[in-house]
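Asker: Quick one, structure for this:
(one chain, ligands or ions: 1)
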Amino acid sequence: MFTIDDLADRLGGYLPSEEIRQVKRAFYYAEQAHDGQRRRSGEPYVTHPLAVANILANMHMDHQALMAAMLHDVIEDTGVSKKSLAEQFGEPVAELVDGVSKLTQITFEDKAVAQAENFQKMVLAMSRDIRVIIVKLADRLHNMRTLGALRPDKKRRIARETLEIYARIAGRLGINTIRVELEDLSFQALHPMRSERIKRAVGKARGHRRTTIRQVQSSLQKCLDDDGLPGTVVGRQKHLLSIYRKMRDQRKPFAEIMDVFGFRIITDDVDSCYRILGAVHNLYKPVPGRFKDYIAIPKANGYQSLHTTLFGTGGMPIEVQIRTREMEAMANNGIAAHWLYKAGQTERPIAAGSHARAREWVRGLLEMQRQAGNSLEFIEHVKNDLFPDDIYVFTPKGDIMELPQGATVIDFAYSVHTDIGNSCIACRIDRHLAPLSSRLESGQTLEIITAPGARPNTAWLSFVITAKARSAIRHALKHQQHTESVQLGHRLLNKALADYELSLEELPQSALPALLKELSLKRSDELLESIGLGNRMAHAIAHRLASSVPSDQPTADSTTSDNAERSILISGADGMVINFARCCHPLPGDPVVGHLSVGKGIVVHRTECRNLAELKNDPDKLFALDWSENIQEDFPVALRIHMESRRGLVAELASLVTDADANIERIGIEECDARLSIVNLTLSVHDRVHLARIMKRIRNLPRVDKITRVRN
Ligand code: MN
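Answerer: Next up, the predicted model:
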């Protein structure tokens, strides 16, 4: 059985002993944390993290990644917190473990196959440190190797997820050894019969051809040696899934696919690659149109090689790949090749962090591309894949939505549907209620709670970041303001008409259209809106309408016009056309008066407000208001308290206000002298009676001199 000491021996090849000691410490910690847990095979659970670490050791990953591998199931399975891991092993290791745990929590259900690409992006977006992905890939690889006696349906689900997500991510990152093994293991789990048949056929075919393979291999090797070219020829095998895919997609029989002999020639440098190409083309005739130069034009994941196909003796095709050792390492390990290389060097940039290395990898690709003098588009592609700017979140149905970094719940709601955004009132993130302004993170599941008749809030504009949400909110607010202005205009005009014992509904049919024409307005809504917004005077309009009514025409009987609204009822500030004056802070219960302010609608003032004095020159713009009976919201009010300076004053005021079921909005203290303080207090209260109660209690506090409500 593979033990921690075996691993430590292996690590001795590339890690200093202090780091090996830390890896061992992580192992013993995991062993203890998983104590009593067993794998399905019956082995102690800790054999799994140990095997994962071993896979990473083969890739020469650094000690932090290895420690994270040891601890990767500890948060998820044993309830150890991230915080205590950080205390034990440092922040970077805790971050890695946390990252891997988060990926583990996401399961890719069958119905999401169509979204596989988004899933891949989500996984990458969630792994801000590229080592998280590499640990997760190793974890998945070991789980696939030990799928064993799992229920067939469960096996298939995991295999499909592996194929659609993790094998592809490995491919994107160029980690081909892992990709190929994941693909073949998934293929075996998904199609045990087919894979078994191909496996047997491959073995048989290979046996038949052993001599031919040896002959071709030695004639290629001889050709290099004769020309003094450095290089080693090795035989190459296709993996099971790629044979299967070729049979399926190109509709080729097995024999035809296996009829191809594959070889790889590994050499020292790029120059030798091209010279070897010339030499083998001299030995066997090349098949026209089959030569590919991936050295000049690398693949998106950084793969470089020359590919050619030759006519062997008897016309059998021979596929040859020619590449340098570096290219070979890149082809097998991709982004992870950097760890392999760094290990041999004296200066090992561990402190530089893995992100720096990932960037280095991208920079390497960029350099390659620059030398190739080819479009940079592909590098953009790789960069976006590795460091996505976007975030990916789930709807409750498991669909993935893509949003820009920094997006909030409201952005999400509007991206689902404008109606959902408009009627959104609350939200659950991962089943917990969260504020609508919460910034989203990849991997979260969002559920929007809507209510019929709910409306967007102006405040949303201050935190949404998507253009779609912003313009939809603006549009809805504008529409809402329009509706409310029309309603208010209607009430104002009817109120003014009441003075003539008329109402809009009772006007002769021709009266309104005639006036609209005169004012060159198209619809009565436009007239009502302009009255509601204070751009036209209701009295002037009423006067003109009334004068167009012939005096002998019977008007409405006086009883109906009497009960017309003499004053307008206000029920709260949530509307767009009713505003409360900031100078006098009117409260329900206060005598108030409305002032029609151009473009703003009604501003409500207390009758005793000093600002009203100037407005009184303009009586047409003032009108009576009353408070409605059922007002839900709280209103701000300003108080000024003279009291003796003493300690604990603010605390005492605060608890008094809270006890009285009110809130402190703002508190400021001016010191007049050492003895006397003036406290400016802004509270929010229900109404005038509520305020009176609070003021009385403050007045009863010891050493309070005077308390007044600020009028202006
Ligand atoms: Mn695991």
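Asker: OK, contacts around the residue nearest to Lys155 when sequence neighbours are not counted?
Answerer: Using C-beta to C-beta, 6 or more residues apart in numbering and skipping residues adjacent in sequence, the residue nearest Lys155 is Ala189, 4.9 Å away. For every residue, glycine as well, the C-beta is placed using N, CA and C. Contacts for Ala189 (C-beta atoms under 8 Å, 6 or more residues apart in numbering) come out as Met144, Leu147, Lys155, Arg156, Ile158, Ala159.
Asker: By mean pLDDT, which helix or strand of this protein comes out lowest?
Answerer: The least trusted helix or strand in the chain, going by mean pLDDT, DSSP states H and E, turns out to be helix 558-562, with a mean of 41.
Asker: Which residue, neighbours along the chain excluded, lies closest to Thr607?
Answerer: Pro591 (4.5 Å).
Asker: contacting residues around that neighbour?
Answerer: Residues counted as contacts of Pro591 (C-beta under 8 Å, 6+ apart) are Arg606, Thr607, Glu608.
Asker: Turn the residues you listed into a markdown table, including neighbour count.
Answerer: Formatted as a markdown table, the contacts of Pro591 follow (neighbours: other C-beta atoms under 10 Å):
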| residue | neighbour count |
| --- | --- |
| Arg606 | 22 |
| Thr607 | 13 |
| Glu608 | 14 |
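Asker: just curious, which of these is nearest to the ion?
Answerer: Closest approach between these and the ion, by C-beta to the ion: Arg606, at 68.3 Å.
Asker: near the ion, which residues of the stretch 1-150 of the chain show up?
Answerer: Proximity of the stretch 1-150 of the chain to the ion, by C-beta under 5 Å from the ion, involves residues Asp73, Asp139.
Asker: OK, now which residue of the stretch 1-150 of the chain is nearest to the ion?
Answerer: Nearest to the ion in the stretch 1-150 of the chain, going by C-beta to the ion, is Asp139, at a distance of 4.2 Å.
Asker: same question, the stretch 301-450 of the chain
Answerer: Gly443 (17.7 Å).
Asker: does that residue really touch Phe119, like I thought?
Answerer: No: contact criterion C-beta atoms under 8 Å: Gly443 and Phe119 do not qualify, at 10.4 Å.
Asker: got JSON lines for the contacts of Ala189, with neighbour count too?
Answerer: Output for these, formatted as JSON lines (neighbours: other C-beta under 10 Å):
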{"residue": "Met144", "neighbour count": "22"}
{"residue": "Leu147", "neighbour count": "17"}
{"residue": "Lys155", "neighbour count": "19"}
{"residue": "Arg156", "neighbour count": "16"}
{"residue": "Ile158", "neighbour count": "21"}
{"residue": "Ala159", "neighbour count": "22"}
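Asker: Among those, name the ones in helices.
Answerer: Met144, Lys155, Arg156, Ile158, Ala159 (DSSP state H).
Asker: now, the most widely separated pair of those?
Answerer: The largest separation in the ones in helices among the contacts of Ala189, counting by C-beta to C-beta, is between Met144 and Arg156 at 12.5 Å.
Asker: Nearest spatial neighbour of Asn663, chain-adjacent residues omitted?
Answerer: Using C-beta to C-beta, 6+ apart, the nearest residue to Asn663 is Ser684, at 4.8 Å.
Asker: Quick check: buried residues in the strand or helix carrying the residue of the stretch 1-150 of the chain closest to the ion?
Answerer: Assessed by DSSP states H and E, Asp139 sits inside helix 130-145. Residues 130-144 are the ones in helix 130-145 that count as buried (16 or more other C-beta atoms under 10 Å).
Asker: now do stretch 538-549
Answerer: Ala538, His539, Ile541, Ala542, Leu545, Ala546, Val549.
Asker: what do you get for stretch 509-527?
Answerer: Buried residues in stretch 509-527, defined by neighbour count with 16+ other C-beta under 10 Å: Ala511, Leu512, Leu515, Leu521, Ser524, Asp525, Glu526, Leu527.
Asker: Could you do stretch 447-465 as well?
Answerer: Within stretch 447-465, the residues scored as buried using 16+ other C-beta under 10 Å are Ile448, Thr450, Arg455, Pro456, Asn457, Trp460, Phe463, Val464.
Asker: Where strands are concerned, which of those residues count?
Answerer: Among these, DSSP state E puts Ile448, Thr450 in strands.
Asker: I'd like the buried residues of stretch 447-465 as JSON lines, with pLDDT and distance to Ala496 appended.
Answerer: Putting the buried residues of stretch 447-465 into JSON lines (pLDDT from 0 to 100; distance: C-beta to C-beta, whole Å) gives the following:
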{"residue": "Ile448", "pLDDT": "92", "distance to Ala496": "44"}
{"residue": "Thr450", "pLDDT": "88", "distance to Ala496": "39"}
{"residue": "Arg455", "pLDDT": "85", "distance to Ala496": "29"}
{"residue": "Pro456", "pLDDT": "89", "distance to Ala496": "32"}
{"residue": "Asn457", "pLDDT": "86", "distance to Ala496": "33"}
{"residue": "Trp460", "pLDDT": "92", "distance to Ala496": "36"}
{"residue": "Phe463", "pLDDT": "92", "distance to Ala496": "41"}
{"residue": "Val464", "pLDDT": "93", "distance to Ala496": "40"}
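Asker: quick one: which of the buried residues of stretch 447-465 is nearest to the ion?
Answerer: Among the buried residues of stretch 447-465, Ile448 lies closest to the ion (C-beta to the ion), at 33.5 Å.
Asker: Let me know whether Lys238 touches Asp259 as I believe.
Answerer: No: the criterion here is C-beta under 8 Å, and Lys238 misses it with Asp259 at 11.8 Å.
Asker: So which of the two has more stuff around it?
Answerer: Shown here are Lys238 and Asp259; by other C-beta atoms under 10 Å, Lys238 has more neighbours (18 against 13).
Asker: Identify the residues contacting the more buried one.
Answerer: Contacts for Lys238 (C-beta under 8 Å, 6+ apart) come out as Lys246, Ile257, Gly262.
Asker: give me the number of residues near the closest residue to Ser242 other than its chain neighbours?
Answerer: Leaving aside its sequence neighbours, Ser242 sits nearest to Glu183 (C-beta to C-beta, 6+ apart; 7.7 Å). Glu183 has 25 neighbours, counted by other C-beta under 10 Å.
Asker: residue contacts, Glu183?
Answerer: By C-beta under 8 Å, 6+ apart, Glu183 lies in contact with Leu163, Ala167, His239, Leu241, Ser242.
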